[in-house]
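A.B. asks: Could you work out the structure for the sequence below:
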Amino acid sequence: MRAAHPASALLSRSFSISKPRPILASNLNCAATKSSSLTFSRSIQLPALPSVLNWRTMDKSSISTYLRQSHDRVFERNAEWAAQQRAKDPDYFTKLASGQSPEYLWIGCSDSRIPAEAITGLEPGEAFIHRNIANLVCNVDLNAMSVIEYAIRHLQVKHIVVCGHYGCGGVKAAMHPDDLGLLNPWLRNIRDVYRQHEAELDTFDDEARRYNRLVELNVQEQCRNVIKTAALQQSFEEKGFPIVHGWVFGLHDGILKDLEIGFEDTLADVKKIYNLTGKN
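C.D. replies: The predicted structure is shown next:
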């Protein structure tokens, strides 16, 4: 049988599920003890779920059971999390509901393995999040442009982070000449990055190194696209923020790499052509 093409990772039908652990029933009555630990009237152990759903070998009844259990598991864990937050701080949700003033706008990849808050240690309310395949910032994408506009002009974020990751399926797919249907116009943005940096990328004999470098170059170009926006330029001109950062996350070691894009130098270079501040 022919091996699956790397681009097929974008269309995988496998669903990774974390290892089973004791889960609390959603209707539990719980209270915090003096030591801030939790006591529960009862607890349950949900049935173990397979680490990967192999739907080709399962009958419809088994699939239906799996879907119901994996759905219910989320709500059980949500109840556990909410109880833990209330135990640590009884006013936690009152403060959470009062409004948001995040310091960061995070523009990341939709890949399920890179949750922004988890890898940075940020808490709910500290980062405004936008994610799409391969962390692209396209000027015709009203979703991304609206997020940037709202984050800068209304939320007054101080940092904008474009975060890619090594092992990105979108970047890998863009490196191969395959017709991927609706994904074609989206991936063309990454192929355009390759075209712009073709001379450098073609110096790499090793495809893995070329792939990793394209991940980095893609992040740098998306940072430039953020800097091209009127909201960013005008806010920085008036207030001195936000500033833009380009980071890459390593799946093999969990470490964030700062690409050190040189924000102010990049801004000055961009404004030679894309100056939208109204000033020469």
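
A.B. asks: where exactly do the strands run in the stretch 1-150 of the chain?
C.D. replies: Shown for the stretch 1-150 of the chain, the strands assigned by DSSP state E, counting those that start in this stretch span residues 30-32, 38-40, 104-109, 127-132.

A.B. asks: So, low pLDDT: which residues of the stretch 51-200 of the chain?
C.D. replies: 51-53 (pLDDT under 70).

A.B. asks: show me where it has helices.
C.D. replies: Listed in chain order, the helices found in the stretch 51-200 of the chain under DSSP state H, counting those that start in this stretch are 60-88, 92-97, 116-120, 142-153, 169-174, 183-196, 198-201.

A.B. asks: Let me have the ones you listed in CSV, extended by mean neighbour count and distance to A231.
C.D. replies: For glycine as for every other residue, the C-beta is placed from the backbone atoms N, C-alpha and C. Output for these, formatted as CSV (neighbours: other Cβ atoms under 10 Å; distance: least, Cβ to Cβ, whole Å):
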stretch, mean neighbour count, distance to A231
helix 60-88, 14, 33
helix 92-97, 12, 26
helix 116-120, 16, 21
helix 142-153, 17, 4
helix 169-174, 24, 25
helix 183-196, 16, 20
helix 198-201, 12, 31
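
A.B. asks: Mind putting the ones you listed into CSV with distance to V226?
C.D. replies: Converted to CSV, those look like this (distance: least, Cβ to Cβ, whole Å):
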stretch, distance to V226
helix 60-88, 32
helix 92-97, 28
helix 116-120, 16
helix 142-153, 6
helix 169-174, 18
helix 183-196, 14
helix 198-201, 22
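
A.B. asks: who wins for proximity to F236 among those?
C.D. replies: F236 lies closest to helix 142-153 among the helices of the stretch 51-200 of the chain, at 9.2 Å (Cβ to Cβ).

A.B. asks: and the closest one with strand 104-109, angle?
C.D. replies: 160 degrees (axes from the mean of the first three to the mean of the last three Cα atoms, to 10 degrees).

A.B. asks: With just CA atoms, put helix 142-153 into PDB.
C.D. replies: Below are the C-alpha coordinates for helix 142-153, written out as PDB (Å, rounded to 0.1, in the frame of the first residue of the first chain):
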ATOM      1  CA  LEU A 142     -12.300  39.500   7.600                       C
ATOM      2  CA  ASN A 143     -12.100  37.200  10.600                       C
ATOM      3  CA  ALA A 144      -8.400  37.900  11.200                       C
ATOM      4  CA  MET A 145      -8.600  41.600  10.300                       C
ATOM      5  CA  SER A 146     -11.600  42.000  12.700                       C
ATOM      6  CA  VAL A 147      -9.700  40.300  15.500                       C
ATOM      7  CA  ILE A 148      -6.700  42.600  15.100                       C
ATOM      8  CA  GLU A 149      -8.800  45.700  14.900                       C
ATOM      9  CA  TYR A 150     -10.800  44.800  18.000                       C
ATOM     10  CA  ALA A 151      -7.800  43.700  20.000                       C
ATOM     11  CA  ILE A 152      -5.900  46.900  19.200                       C
ATOM     12  CA  ARG A 153      -8.500  49.600  19.200                       C
END
